[in-house]
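> next one to model:
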Amino acid sequence: MDKTIFTFNERLGIHIPVLSKDWDEYNKEKQNAILLQWEKIRGRIPDRISELEREINRKQAELDNEDNFPRSCLLNSQISDLASIINDLWLWYRLNQSVSMKGHQ
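All right, here's what the predicted structure looks like:
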(Lines give C-alpha, C1' and ligand atoms only; values in the text may rest on other atoms or scores of the structure.)
Protein backbone atom coordinates (compact mmCIF):
# COMPACT_ATOMS: atom_id res chain seq x y z
CA MET A 1 0.00 0.00 0.00
CA ASP A 2 1.05 3.55 -0.66
CA LYS A 3 2.20 4.76 2.75
CA THR A 4 1.99 8.39 1.65
CA ILE A 5 -1.80 8.24 2.04
CA PHE A 6 -1.24 8.42 5.81
CA THR A 7 0.66 11.36 7.20
CA PHE A 8 1.80 11.67 10.81
CA ASN A 9 0.04 14.52 12.58
CA GLU A 10 2.31 15.85 15.33
CA ARG A 11 -0.51 17.50 17.24
CA LEU A 12 -2.70 14.40 17.35
CA GLY A 13 0.14 11.93 17.67
CA ILE A 14 -1.31 9.59 15.03
CA HIS A 15 -1.20 9.07 11.28
CA ILE A 16 -4.20 10.50 9.48
CA PRO A 17 -5.44 9.82 5.94
CA VAL A 18 -4.65 12.41 3.31
CA LEU A 19 -6.35 11.27 0.14
CA SER A 20 -5.12 12.78 -3.11
CA LYS A 21 -8.37 12.02 -4.93
CA ASP A 22 -12.01 11.25 -4.21
CA TRP A 23 -12.66 7.95 -2.44
CA ASP A 24 -14.59 6.52 -5.40
CA GLU A 25 -11.63 7.11 -7.70
CA TYR A 26 -9.63 4.44 -5.85
CA ASN A 27 -10.19 0.88 -7.01
CA LYS A 28 -11.72 -1.60 -4.53
CA GLU A 29 -8.36 -3.21 -3.78
CA LYS A 30 -6.84 0.16 -2.88
CA GLN A 31 -9.90 1.13 -0.83
CA ASN A 32 -9.67 -2.10 1.14
CA ALA A 33 -5.94 -1.59 1.75
CA ILE A 34 -6.56 1.97 2.96
CA LEU A 35 -9.39 0.81 5.22
CA LEU A 36 -7.26 -1.96 6.67
CA GLN A 37 -4.46 0.47 7.48
CA TRP A 38 -6.93 3.00 8.90
CA GLU A 39 -8.51 0.37 11.14
CA LYS A 40 -5.08 -0.37 12.63
CA ILE A 41 -4.50 3.33 13.27
CA ARG A 42 -8.06 3.95 14.46
CA GLY A 43 -7.75 1.09 16.94
CA ARG A 44 -4.92 2.94 18.69
CA ILE A 45 -6.86 6.19 19.11
CA PRO A 46 -8.45 5.21 22.47
CA ASP A 47 -4.97 4.41 23.83
CA ARG A 48 -3.69 7.78 22.64
CA ILE A 49 -6.66 9.46 24.34
CA SER A 50 -5.87 7.61 27.57
CA GLU A 51 -2.28 8.88 27.44
CA LEU A 52 -3.51 12.44 27.05
CA GLU A 53 -6.04 12.04 29.86
CA ARG A 54 -3.26 10.86 32.19
CA GLU A 55 -1.25 13.93 31.22
CA ILE A 56 -4.26 16.16 31.95
CA ASN A 57 -4.66 14.50 35.34
CA ARG A 58 -0.98 15.15 36.17
CA LYS A 59 -1.31 18.79 35.15
CA GLN A 60 -4.52 19.18 37.16
CA ALA A 61 -2.77 17.75 40.21
CA GLU A 62 0.02 20.28 39.69
CA LEU A 63 -2.55 23.03 39.31
CA ASP A 64 -4.21 22.08 42.61
CA ASN A 65 -0.97 22.87 44.43
CA GLU A 66 0.18 25.82 42.33
CA ASP A 67 0.28 29.26 44.00
CA ASN A 68 2.10 31.04 41.18
CA PHE A 69 -0.53 32.75 39.02
CA PRO A 70 1.45 32.78 35.74
CA ARG A 71 2.27 29.08 36.21
CA SER A 72 -1.42 28.37 36.92
CA CYS A 73 -2.36 30.12 33.68
CA LEU A 74 0.20 28.07 31.78
CA LEU A 75 -1.10 24.81 33.25
CA ASN A 76 -4.68 25.79 32.42
CA SER A 77 -3.66 26.55 28.86
CA GLN A 78 -1.84 23.22 28.54
CA ILE A 79 -4.85 21.35 29.93
CA SER A 80 -7.10 23.14 27.45
CA ASP A 81 -4.79 22.24 24.56
CA LEU A 82 -4.74 18.58 25.59
CA ALA A 83 -8.53 18.51 25.91
CA SER A 84 -8.79 19.98 22.40
CA ILE A 85 -6.56 17.23 21.05
CA ILE A 86 -8.72 14.60 22.75
CA ASN A 87 -11.82 16.14 21.19
CA ASP A 88 -10.22 16.05 17.74
CA LEU A 89 -9.14 12.44 18.22
CA TRP A 90 -12.69 11.42 19.13
CA LEU A 91 -13.93 13.21 16.03
CA TRP A 92 -11.48 11.23 13.86
CA TYR A 93 -12.44 8.02 15.64
CA ARG A 94 -16.20 8.52 15.19
CA LEU A 95 -16.23 10.26 11.82
CA ASN A 96 -14.23 7.56 10.13
CA GLN A 97 -16.18 4.76 11.78
CA SER A 98 -18.90 5.21 9.18
CA VAL A 99 -16.32 5.09 6.39
CA SER A 100 -14.90 1.89 7.83
CA MET A 101 -18.34 0.32 8.14
CA LYS A 102 -19.18 1.27 4.53
CA GLY A 103 -16.00 -0.42 3.34
CA HIS A 104 -17.01 -3.72 4.92
CA GLN A 105 -20.42 -3.87 3.24
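> other SSEs contacting the lowest-mean-pLDDT helix or strand in the chain?
Ranked by mean pLDDT, DSSP states H and E, the weakest helix or strand in the chain is helix 69-103, scoring a mean of 86. Packing partners of helix 69-103 (3 or more CB pairs under 8 Å, 6 or more residues apart in numbering; DSSP states H and E): strand 14-17, helix 28-42, helix 45-64. For every residue, glycine as well, the C-beta is placed using N, CA and C.
> flag every buried residue along it.
Across helix 69-103, burial judged by 16 or more other CB atoms under 10 Å covers Leu75, Ile79, Leu82, Ile85, Ile86, Leu89, Trp92, Tyr93, Asn96, Gly103.
> one more: stretch 50-67?
Here stretch 50-67 shows Leu52, Ile56, Lys59, Leu63, Glu66 as buried, counting by 16+ other CB under 10 Å.
> so what's the spatially most central residue of the chain up against?
Centroid-nearest residue in the chain, with CA atoms, centre = their mean: Leu89, separated by 3.3 Å. Residues in contact with Leu89 (CB atoms under 8 Å, 6 or more residues apart in numbering) are Leu12, Ile14, Ile45, Arg48, Ile49, Leu52.
> check whether the last one really touches Leu82, as I assumed.
Yes - at 5.1 Å, Leu52 counts as touching Leu82 under the criterion of CB atoms under 8 Å.
> distance of the residue with the largest distance to the centre of the chain from Asp81?
Within the chain, Asp67 marks the point farthest from the mean C-alpha position, 33.1 Å out by CA atoms, centre = their mean. Distance, Asp67 to Asp81, by CB to CB, to the nearest Å: 22 Å.
> Leu35 now?
For Leu35 relative to Asp81 (CB to CB), the value is 31 Å.
> kindly report the same for Leu12.
From Leu12 to Asp81 the distance is 12 Å (CB to CB).
> kindly report the same for Asp47.
19 Å.
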